[in-house]
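Trainee: below is the structure, and that's it, no one-letter string:
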């Protein structure tokens, strides 16, 4: 009985997420995904830096910077 209940809840959540995605504002979605990507990549970069992996930390940090600035070297340039 429990797996059927869990499956039903997951199915309802998937349907609600797909509906929200279909009716979402494209500009707001892109902006939100960009901020989420910057936060995720920046967090991973900090994690790798604390664990001693400087090469992956630099790579992920540069990817986060590129997402944050829209691919420009300087944010205002």
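Mentor: In hand now; what should we look at? Predicted model, so just to flag it, every value in this text is computed and none were measured. Residues are numbered from 1 along each chain as shown.
Trainee: name the spans of the chain whose pLDDT lies under the cut-off.
Mentor: Low-confidence segments of the chain (pLDDT under 70): 75-77.
Trainee: check which helix or strand residue 71 maps to.
Mentor: For residue 71, there is no helix or strand it lies in under DSSP states H and E.
Trainee: can you pull out the helices in the protein?
Mentor: Secondary structure of the chain (DSSP state H): helices at 2-22, 26-51, 54-69.
Trainee: and the first one, how far from the chain's centre?
Mentor: To tie it back to what came earlier, the one meant is helix 2-22. Mean-position distance between helix 2-22 and its chain equals 21 Å (CA atoms, centre = their mean, to the nearest Å).
Trainee: with the shortest one instead?
Mentor: Averaging C-alpha positions (CA atoms, centre = their mean) puts helix 54-69 14 Å from its chain's average.
Trainee: still on that earlier bit, would TSV of the helices of the chain with mean neighbour count be doable?
Mentor: Where C-beta positions appear, they are placed from N, C-alpha and C, glycine not excepted. TSV is the format used below for the helices of the chain (neighbours: other CB atoms under 10 Å):
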stretch	mean neighbour count
helix 2-22	9
helix 26-51	13
helix 54-69	16
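Trainee: now do the phi/psi pair for residue 73.
Mentor: The phi and psi values for residue 73, taken as degrees, to the nearest 10, are phi -70, psi -40.
Trainee: and it, how many residues sit next to it?
Mentor: Using other CB atoms under 10 Å, residue 73 is surrounded by 8 other residues.
Trainee: would you mind measuring from it to residue 58?
Mentor: 15 Å (CB to CB, to the nearest Å).
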